[in-house]
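1. Structure of the sequence below:
(one chain, ligands or ions: 2)
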Amino acid sequence: SLLFSKRTTKLKNMIQSKELEFIMEAHNGLSALIVQEAGFKGIWASGLSMSAGLGVRDCNEASWTQLLEVLEFMAERTTIPILMDGDTGFGNYNNARRLVRKLEERGIAGVCFEDKIFPKRNSLGDGAQELANIQEFSNKIKACKDFQRDKDFQIVARCESFIAGWGLENALERCEAYRKAGVDAVLIHSKKSDFTEIESFVKVWNNRLPVVIVPTNYYKTPTEEFRKHNISLAIWANHNLRASLKAMQQTSKQIFERQNLIGLDNIATVKEVFRLQNEEGLEKDDKKYL
Ligand code: SPV
Ligand code: MG
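-> Ligands and ions are numbered 1, 2, ... in the order given. Below is the predicted model of the structure:
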């Protein structure tokens, strides 16, 4: 039954179903658990958030093995599927498929690869974006699909044509090539503050494969619009990182200025920290085994 299905199968069902689904960003074990407790059915292991959480830039400064360590903690504390932001795959087809193998071994349900050049730059920045060769990226996708052991492991091809300024025709050509290469879904990205680029794409794309979106900049678009345009998966991509960052800045500033801990209303109790760490589980086991 669905209750006992693997995480890969759960993510596959989310992406391949007709319903609009949502996954939420996490960047470590604790935030992953918080996403699950909030009720989300899946987690976006955001490259931006994981790198920012480590204090480095989102241009592959953290190595893929360092990210694997982060992902392992996220998988350990959750049961819902995790979709990893795999950037460009950290090299050519061979590097990308080895990442797929390691993700499968660590219980990650899928990966998203974007059609850019290593080292990538974040899509929301102002710098120039260089796209991968279509054939080379399609073969990278094909190699990964050939290499995965679990047939339900999901590979999403992320098209950066709009981000790089190449427009609709280029986006359609690329996504069609990635579809032919056997990818499970396409992510079409836009940094505009409205839905126009995505809308222009989905109208012509016509559900050839499920479509994934990241509405960070066009967040004012009503969610009903996504449903109306048959979007399969929407990713809330960085909001736990941004929420915690602001809270930490305010808390550090207040404690530094006041030199006391009075009036910190917006912090969790130590008890809540223990609960999230599952101290209780260990206390029970201590009684049994110590
Ligand atoms: C991420 O969350 O790392 C993403 C989405 O890739 S974006 O930051 O919009 O590029
Ligand atoms: Mg990213």
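
2. Can you tell me which residues in the protein are near ligand 2?
-> Within reach of ligand 2 by Cβ under 5 Å from the ion, the chain has these residues: 47, 85. All C-beta atoms are positioned from the backbone trio N, CA, C, and that covers glycine.

3. Got the phi and psi for residue 274?
-> Here is the backbone geometry of residue 274 (degrees, to the nearest 10): phi -60, psi -40.

4. gap between residue 146 and residue 181?
-> Look at residue 146 and residue 181: by Cβ to Cβ, to the nearest Å, they are 10 Å apart.

5. Repeat that for residue 249.
-> Remark: distance between residue 249 and residue 181 (Cβ to Cβ) = 43 Å.

6. which of the two has more neighbours?
-> The neighbour count for residue 249 versus residue 181, taken as other Cβ atoms under 10 Å, is higher for residue 181 (20 against 10).

7. contacting residues around the more buried one?
-> Residues near residue 181 by Cβ atoms under 8 Å, 6 or more residues apart in numbering: 138-139, 141-142, 145, 157.

8. Show me what from the stretch 51-200 of the chain comes close to ligand 1.
-> 85, 122-124 (Cβ under 6 Å from any ligand atom).

9. quick one: which of those residues is most hemmed in?
-> residue 85 (25 neighbours).

10. Can you give me every residue that contacts the spatially closest residue to that residue that is not a sequence neighbour?
-> Nearest residue to residue 85, sequence neighbours excluded (Cβ to Cβ, 6 or more residues apart in numbering): residue 47, at 4.0 Å. Residue 47 makes contacts with 58, 67, 85, 87, 122, as judged by Cβ under 8 Å, 6+ apart.

11. ok, now how distant is the fourth one from residue 69?
-> The reference is to residue 87. Residue 87 is 16 Å from residue 69, by Cβ to Cβ.

12. Who has more neighbours out of these two?
-> Legend: neighbour count by other Cβ under 10 Å for residue 87 and residue 69, higher for residue 87 (25 against 11).

13. My guess is that one contacts residue 60. True?
-> Yes: taking contacts as Cβ atoms under 8 Å, residue 87 lies within contact range of residue 60: 6.2 Å.

14. Could you tell me which residues touch both of these two?
-> Common neighbours of residue 87 and residue 60 (criterion: Cβ under 8 Å, 6+ apart): 118, 120.

15. Distance-wise, check the closest residue to ligand 2 within the chain relative to ligand 1.
-> Closest to ligand 2 within the chain is residue 47: 3.2 Å, counting by Cβ to the ion. To ligand 1, residue 47 is 4 Å away according to Cβ to the nearest ligand atom, to the nearest Å.

16. and what of residue 277?
-> Applying Cβ to the nearest ligand atom, the value for residue 277 to ligand 1 is 26 Å.

17. Same question for residue 270.
-> 31 Å.

18. number of nearby residues for that residue?
-> Burial measure for residue 270: 8 neighbouring residues, criterion other Cβ under 10 Å.

19. and what of residue 255?
-> Using other Cβ under 10 Å, residue 255 has 13 other residues around it.

20. For it, which non-adjacent residue is spatially closest?
-> Spatial nearest neighbour of residue 255, chain neighbours left out: residue 261 (6.5 Å); criterion: Cβ to Cβ, 6+ apart.

21. If any of the contacts of residue 181 are buried, give me the PyMOL selection for them.
-> Only the buried entries of these go into this PyMOL selection, using 16 or more other Cβ atoms under 10 Å:
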select buried, resi 138+141+142+145+157
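
22. which two from the contacts of residue 181 end up farthest apart in space?
-> 139 and 157 (12.0 Å; Cβ to Cβ).

23. State the mean pLDDT of stretch 280-290.
-> Confidence over stretch 280-290 (mean pLDDT, whole number) is 97.
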